[in-house]
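build me a structure from this.
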Amino acid sequence: MNNEFEDISENIKRIRFNLEEAKVRAGREHDDISVMAVTKTVPPERVNFAVSQGFTLLGENRVQEYLSKKELYADNVRVDIIGHLQSNKIKYIIDSVTMIQSVDSVQLAKEISERALKNGRVMDILCEVNIGGETSKSGFSPEGLEDGIAMISELRGVRLCGLMTIPPPDNSCFYFEKMQRIFEDIKASPPENSDFKLLSMGMSADYADAVRFGTGMVRLGSTLFGARNYSV
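Take a look at the predicted model:
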């Protein structure tokens, strides 16, 4: 093993142990919960080591940073956009990312759809829900989600695959439970032209709790790569 990445190796062991333990406690031993490596400010060589250990799903927050690093990533990665996406940046990532998890408005979904159709593809998306109603965060309100999804389901260039959220840091379990109910209600009667099956919630500080409330994907940055103190 390269000692340079020994810290990541130890973090991976801890993550896998904690995740399996959380699945057992939640009665979800046989569920497949994806782990996303969040790569914000992480140098490509550290990312690629995590990829070599099986963490092939990457989450990018910022388009400009992604564009500066994407050619340096291993060939077998899948990249999702998880940060706020400005409409004028869609054209730069539409042909290379697998999913956009941070669709926070119908207007953004329309613009992604238009750009995707021009590129001959259908883009998988998640609707971001501002479950805590925080003014500092973007996303659909729980009350406006149903109408938003109805409009998005009519767009030909996107396919709605589920929901994503970042709950308030205090009392996250309360919001996870609320999010789970919303997700299950929609999944029971999914919109047309969708593949509604993914709930993406849980990050470094609370991913074990998110497992209790049905998450299908956790997004891990600092608990995998360490504190963000790298230059890019």
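
quick check, Leu199 in contact with Arg181.
No. At 10.9 Å, Leu199 and Arg181 do not qualify as touching, with contact defined as Cβ atoms under 8 Å. For glycine as for every other residue, the C-beta is placed from the backbone atoms N, C-alpha and C.

pick out whichever of these two has more residues nearby.
For Leu199 versus Arg181, neighbours defined as other Cβ atoms under 10 Å are more numerous around Leu199 (26 against 13).

how about residues contacting stretch 167-187?
Contacts of stretch 167-187 with the rest of the structure, by Cβ atoms under 8 Å, 6 or more residues apart in numbering, involve 129, 131-132, 134, 142, 145-146, 149, 162-163, 165, 196-197, 199, 201-202, 205-206, 209-210, 212-215.

restricted to buried residues, select those residues in PyMOL.
Selecting only the buried members of the contacts of stretch 167-187 in PyMOL, with burial defined as 16 or more other Cβ atoms under 10 Å, works like this:
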select buried, resi 129+131+132+142+145+149+162+163+165+196+199+201+202+206+209+210+212+213+214+215
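
just the contacts of stretch 167-187: which are in strands?
Of the positions in these, Val129, Gly162, Leu163, Thr165, Leu199 sit in strands, assigned by DSSP state E.

reformat those as a markdown table; add pLDDT and distance to Arg78.
Putting the ones in strands among the contacts of stretch 167-187 into a markdown table (pLDDT from 0 to 100; distance: Cβ to Cβ, whole Å) gives the following:
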| residue | pLDDT | distance to Arg78 |
| --- | --- | --- |
| Val129 | 98 | 23 |
| Gly162 | 98 | 16 |
| Leu163 | 98 | 19 |
| Thr165 | 98 | 21 |
| Leu199 | 98 | 18 |
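
from the residues you listed, pick the one nearest Arg62.
The closest of the ones in strands among the contacts of stretch 167-187 to Arg62 turns out to be Thr165 (Cβ to Cβ; 19.6 Å).

buried set for the longest helix belonging to the chain?
Longest helix in the chain, counting residues (DSSP state H): helix 6-25. Under the neighbour-count criterion of 16+ other Cβ under 10 Å, helix 6-25 has Ile8, Asn11, Ile12, Ile15, Leu19, Ala22, Lys23 buried.
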